[in-house]
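Chemist: Test case, fold it:
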Amino acid sequence: MAAETTEMDVEATSAPASSSSSGPLPIPPDRVVEAPGFDLEGYIIRYSGHTKIARLQLIAQTCPALQVEAYQLLMRELRTGLNVELYSKLAGELGPQFDTSPGWAEETDRKARQTQERLEGELNQNKSNLVKESIRQGYNELGQYHYSRGDLNQAMKFYVRTRDYCTSNRHMAEMCVRVIQVSVDLNNYVQVSNHVSKAEHLSDMLEPETVAKLAAASALGLLKSQQYKQAARKFLVVGTAISDTFSGVIAAEDVALYGGLCAVAAFDRDELKSAVLESSIFRNFLDLKPKIRDAIQDLFSSKYGAGLNALEAMKGELKLDIHLKDHVNNLFSMIKDRCLVQYFSPYLSVSLASMATAFSSPVEEIEASVAKLIMSGQISARIDSQSKTLHVKQTEKRAATYRKVLGMGEVYLSEMQAMLIRMSCLEQDFVVRGRPSMVGAMGGGAGGSQDGDSMYIANQQDSGDMPATGEDGEVDMAIAMSMSESANM
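Modeler: The predicted structure follows:
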């Protein structure tokens, strides 16, 4: 009863005064995100572990309308774990009305220290007994303990140490998955990529659940590095076995959301149809997110206005996602540009007003977007600003054909002259002759036989059979006369 009264007091004392200060802590105006109709409790229940805490913190720090609810859920989640440091920090910042269990921090910290001492003692005993499996389990338990305490770096160290005590490929795969989960929380995608590769190169067949986790982690790394096409292809191969088993990193709904957005932004029309809309596996994920599924279908069906408006309505919700928040604007821009290019592709000329109607946007905005696409080379066209019309650039096919023919003729003449010169040189027996050292090498050494018909024969000047004076000028004269004769032919 006291807890219910406290929550009611929180709601009563935090009535919104402005768009950026409706909660207990002020939010800078440039970080404010509005997400009307966002079901926070239904959203956050998909996750567990540190990612759940991080997502609640992001929402509380950016969305004024949801700040109070986010902090309430965050403090409730922290009380189920051992992260006393973060709980005490937030309790001091938010005030006593959010700390519904004043003695919880001290009691939990005392029990956590006892647990740490016990785990460390058991590990030391297992080390003295030299039982590899017990040592591996001891390191895993200590890693999980530090993870629940919020000390991710220490958890990473203990998980990595289990590698030396793994006795099977299944143990190695478990170690990789644990390290990947902590690395994602630490935003260390280099470690994510390394351990995904290690797990994928294990000789034994991995379980479908592990394969799905590895694909999802790899896709997150590609998304982080803005490789949207590769990320989309990775999300598309995430198996349904992932379900809620990877809730410490990503939910099944996120696979549909991230994969769908990246695919629309990066895939062409044919690949979007075959890999997304006609994929029996990915359709199961899309059914979990009807909004993104319908938006993709509208964009594919050339209902650009409806599709883009649906995505725009989701923009606030997407900016509250820890993995998408830095990519929303870029992805939306890529999606709109791709739609503009696709809309214009079958036309020789089109009115900007009709494009504005199709995209439910002002003419000025469409004109600016098309101008950007023309400058980037994605559309080969020109804008008639007076009539507000977009025209395809007409190429002079006759002139282009003439230029091509002239170029081919010049190449032909150059090759023909070179052939005539070579034939004249051969006819006059003007051949590049090698030195004796070259002949020995070509013939298999000093004792090798020399072929008289070979192009590389002994130079008479080097062997002493021909005088060295007066010959160079005559040879040069003969070559010049031969070149002149072949040119006149």
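Chemist: wait, Cys425 sits on Val431?
Modeler: Yes. Cys425 is within contact range of Val431, at 7.4 Å (criterion: Cβ atoms under 8 Å). (C-beta placed from N, C-alpha, C; glycine too.)
Chemist: For those two, work out which one has more neighbours and name it.
Modeler: Cys425 (17 against 11; other Cβ atoms under 10 Å).
Chemist: Now do the strands in this structure.
Modeler: All strands of the chain, identified by DSSP state E, fall at 349-351, 381-384, 389-392.
Chemist: got CSV for the ones you listed, with mean pLDDT too?
Modeler: Compiled in CSV, those are given as follows (pLDDT from 0 to 100):
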stretch, mean pLDDT
strand 349-351, 86
strand 381-384, 84
strand 389-392, 83
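Chemist: tell me the most buried of the ones you listed?
Modeler: The highest mean neighbour count among these, using mean count of other Cβ atoms under 10 Å, belongs to strand 389-392: a mean of 18.
Chemist: Report all helices and strands that that one contacts.
Modeler: Applying 3 or more Cβ pairs under 8 Å, 6 or more residues apart in numbering; DSSP states H and E, one finds that strand 389-392 contacts strand 349-351, helix 352-359, strand 381-384.
Chemist: any residues touching it, and which ones?
Modeler: Contact with strand 389-392 is made by 344, 347-352, 355, 370, 380-384, as judged by Cβ atoms under 8 Å, 6 or more residues apart in numbering.
Chemist: Likewise for stretch 182-191?
Modeler: Stretch 182-191 is contacted by residues 49-51, 54, 147, 152-153, 155-156, 159, 179-180, 192, 195, 217, 220-221, 224-225, 249 when judged by Cβ under 8 Å, 6+ apart.
Chemist: 7 Å instead?
Modeler: 50-51, 147, 152, 155-156, 159, 179, 192, 217, 220-221, 224, 249 (Cβ atoms under 7 Å, 6 or more residues apart in numbering).
Chemist: Looking at the residues you listed, which is nearest Ala295?
Modeler: Leu220 (21.7 Å; Cβ to Cβ).
Chemist: Distance check, that closest one against Ala263.
Modeler: From Leu220 across to Ala263, the span is 15 Å (Cβ to Cβ, to the nearest Å).
Chemist: Name all residues that make contact with the nearest residue to Leu277 once chain neighbours are set aside.
Modeler: Nearest in space to Leu277, with sequence neighbours left out and distances taken as Cβ to Cβ, 6 or more residues apart in numbering, is Phe300 at 6.3 Å. Applying Cβ under 7 Å, 6+ apart, we find Phe300 in contact with 272-273, 277.
Chemist: With Arg163 instead?
Modeler: Met175.
Chemist: what's around the nearest residue to Gly95 once chain neighbours are set aside, how many residues?
Modeler: The shortest distance from Gly95 to any non-neighbouring residue, by Cβ to Cβ, 6+ apart, is to Pro24 (6.4 Å). Neighbours of Pro24 under the rule other Cβ under 10 Å: 17.
Chemist: Please apply the same query to Leu186.
Modeler: By the criterion of other Cβ under 10 Å, Leu186 has 15 neighbours.
Chemist: And the pLDDT for it?
Modeler: Per-residue confidence (pLDDT) for Leu186: 93.
Chemist: How much space separates it from Ala199?
Modeler: Applying Cβ to Cβ, the value for Leu186 to Ala199 is 18 Å.
Chemist: Enumerate every residue touching the residue lying closest to Glu271 once chain neighbours are set aside.
Modeler: In this structure, Glu271 finds its nearest non-sequential neighbour in Ala263, 7.9 Å apart by Cβ to Cβ, 6+ apart. Taking Cβ under 7 Å, 6+ apart, we find Ala263 in contact with 232, 272, 275-276.
Chemist: if I look at Ala263, how far off is Tyr228?
Modeler: From Ala263 to Tyr228 the distance is 9 Å (Cβ to Cβ).
Chemist: where does the stretch 151-300 of the chain have low pLDDT?
Modeler: 203-204 (pLDDT under 70).
Chemist: Now do the helices in it.
Modeler: Assigned by DSSP state H, counting those that start in this stretch, the stretch 151-300 of the chain shows helices spanning 152-161, 169-185, 189-200, 208-224, 228-236, 252-266, 269-272, 280-286, 290-300.
Chemist: Burial-wise, tell me which of those helices comes out on top.
Modeler: Comparing those on average neighbours per residue, with mean count of other Cβ under 10 Å, the densest one is helix 252-266 at a mean of 25.
Chemist: can you list the weak-confidence ranges in the stretch 1-150 of the chain?
Modeler: 1-23.
Chemist: want to throw the strands of the chain into a markdown table with distance to Glu209?
Modeler: A markdown table is the format used below for the strands of the chain (distance: least, Cβ to Cβ, whole Å):
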| stretch | distance to Glu209 |
| --- | --- |
| strand 349-351 | 50 |
| strand 381-384 | 50 |
| strand 389-392 | 51 |
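Chemist: Out of the helices of the stretch 151-300 of the chain, which is closest to Asp244?
Modeler: The minimum distance between Asp244 and these falls on helix 252-266, with 7.0 Å, by Cβ to Cβ.
Chemist: That closest one vs helix 208-224, what angle?
Modeler: Interaxial angle of helix 252-266 relative to helix 208-224 (axes from the mean of the first three to the mean of the last three Cα atoms, to 10 degrees): 40 degrees.
Chemist: Now do the contacts for the residue nearest to Leu86 when sequence neighbours are not counted.
Modeler: Spatial nearest neighbour of Leu86, chain neighbours left out: Gly150 (5.5 Å); criterion: Cβ to Cβ, 6+ apart. Gly150 makes contacts with 83, 85-86, as judged by Cβ under 7 Å, 6+ apart.
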